[in-house]
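[1] Next come a sequence and a model predicted from it.
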Amino acid sequence: MKRFIDEKFTMDNARQATKYVVVPIAAIGLGFYTVRKTGSADGLKAVTPLLAAALKYAE
């Protein structure tokens, strides 16, 4: 089992998982939190560039 994990889950896979799973979920969560706090959709507009920057950083 350990060998299977070592072969399948390399550092490259971890980076891709961060890029496509963790970063978008965090950005979307931040957006919804901002919308709830401010009561308007301006929070989502503010988060869009953050998401783009985070994806660029994760590459």
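    Right, received. Where do you want to start?
[2] Secondary structure class of Pro24, three-state.
    helix (DSSP: H, G, I helix; E, B strand; the rest coil).
[3] Not counting sequence-adjacent ones, nearest residue to it?
    Leu51 (6.6 Å; C-beta to C-beta, 6 or more residues apart in numbering). From N, CA and C alone the C-beta is placed, and that goes for glycine too.
[4] I figured that neighbour was touching Val22, is that so?
    No - contact criterion C-beta atoms under 8 Å: Leu51 and Val22 do not qualify, at 12.0 Å.
[5] Have a look at these two and say which one is more surrounded.
    Set Leu51 next to Val22 and count neighbours by other C-beta atoms under 10 Å: Leu51 wins out with 17 against 13.
[6] list the contacts for that one?
    Neighbouring residues of Leu51 by C-beta atoms under 8 Å, 6 or more residues apart in numbering: 23-24, 27-28.
[7] May I ask which helix or strand encompasses the residue nearest to Pro24?
    helix 42-58 (DSSP states H and E).
[8] Check Ala27 too.
    Applying DSSP H and E as the criterion places Ala27 in helix 23-38.
[9] Only alpha carbons, please: show that helix as CSV.
    Extracted C-alpha coordinates of helix 23-38, given in CSV (Å, rounded to 0.1, in the frame of the first residue of the first chain):
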residue,chain,number,x,y,z
VAL,A,23,-6.9,27.4,-3.9
PRO,A,24,-10.3,27.7,-5.6
ILE,A,25,-12.2,26.5,-2.5
ALA,A,26,-10.4,28.9,-0.3
ALA,A,27,-11.0,31.8,-2.7
ILE,A,28,-14.7,30.9,-3.1
GLY,A,29,-15.1,30.6,0.7
LEU,A,30,-13.4,34.0,1.2
GLY,A,31,-15.8,35.5,-1.4
PHE,A,32,-18.9,34.1,0.3
TYR,A,33,-17.7,35.2,3.7
THR,A,34,-17.2,38.8,2.4
VAL,A,35,-20.6,38.8,0.8
ARG,A,36,-22.2,37.7,4.1
LYS,A,37,-20.3,40.3,6.0
THR,A,38,-20.9,43.2,3.6
